[in-house]
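Undergrad: Kindly generate the corresponding structure for this input.
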Amino acid sequence: MRRSLINQAVEDTEEPNITPMLDVVFILLIFFIVTANFIKEPGLEINRPDSETSEITENAAILIAIGAAGEIYMDGRRIDVRQVKANVIRLIAENPQGSVVIQADVKSTAEKIVAVMDEVREAGVVDISIASEPNF
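TA: Predicted coordinates:
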């Protein structure tokens, strides 16, 4: 009789139920995915110039990359300079508080940078920054 009580006690002890903990972890994962701020990369590796007067800009929603050969990238795809205005208008409609950051390669021409800046201004954006590497 005593032996059966001990065996029954051992059988009654189960492992802890981790299902509620998994539910909480899953809900936290969903929360962080939904609230994360995803930055749309331009899709081009840029060698930015050094700058001694650089400032860190927050809320940069639109990134435009200009390569060494003058190619322009937005949202990971190559575009023509005439398409910059339409793309900026579309992206500003998605995030009205965002600014435009132009990531120009060291070897890109000033003519191409100014042409892109003119298209951005025609789209109605006045907050334009040019990315550089901080020289501390």
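Undergrad: drop to CA atoms for contacts and neighbour counts, all remaining ones
TA: OK.
Undergrad: How are the strands of the chain distributed by residue range?
TA: 50-51, 60-66, 72-74, 77-79, 99-104, 128-130, 133-134 (DSSP state E).
Undergrad: With Ile33 as the reference, name the closest of these.
TA: For Ile33, the closest of the strands of the chain is strand 60-66, at 18.0 Å, according to C-alpha to C-alpha.
Undergrad: what's the angle between the closest one and strand 99-104?
TA: 20 degrees (axes from the mean of the first three to the mean of the last three C-alpha atoms, to 10 degrees).
Undergrad: going forward can the numbers begin at 56, since that is how I track them
TA: New numbering, starting at 56: the last item is strand 115-121.
Undergrad: any idea of the mean pLDDT in strand 115-121?
TA: The pLDDT scores in strand 115-121 average 80.
Undergrad: Can you name every helix or strand that that strand contacts?
TA: Contact analysis of strand 115-121 by 3 or more C-alpha pairs under 8 Å, 6 or more residues apart in numbering; DSSP states H and E lists strand 127-129, helix 139-149, strand 154-159 as its packing neighbours.
Undergrad: CSV please, covering the ones you listed and showing distance to Glu174.
TA: Output for these, formatted as CSV (distance: least, C-alpha to C-alpha, whole Å):
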stretch, distance to Glu174
strand 127-129, 12
helix 139-149, 5
strand 154-159, 11
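Undergrad: Now mean pLDDT and mean neighbour count too, for these, in CSV please.
TA: Output for the helices and strands packed on strand 115-121, formatted as CSV (pLDDT from 0 to 100; neighbours: other C-alpha atoms under 10 Å):
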stretch, mean pLDDT, mean neighbour count
strand 127-129, 90, 24
helix 139-149, 89, 16
strand 154-159, 86, 23
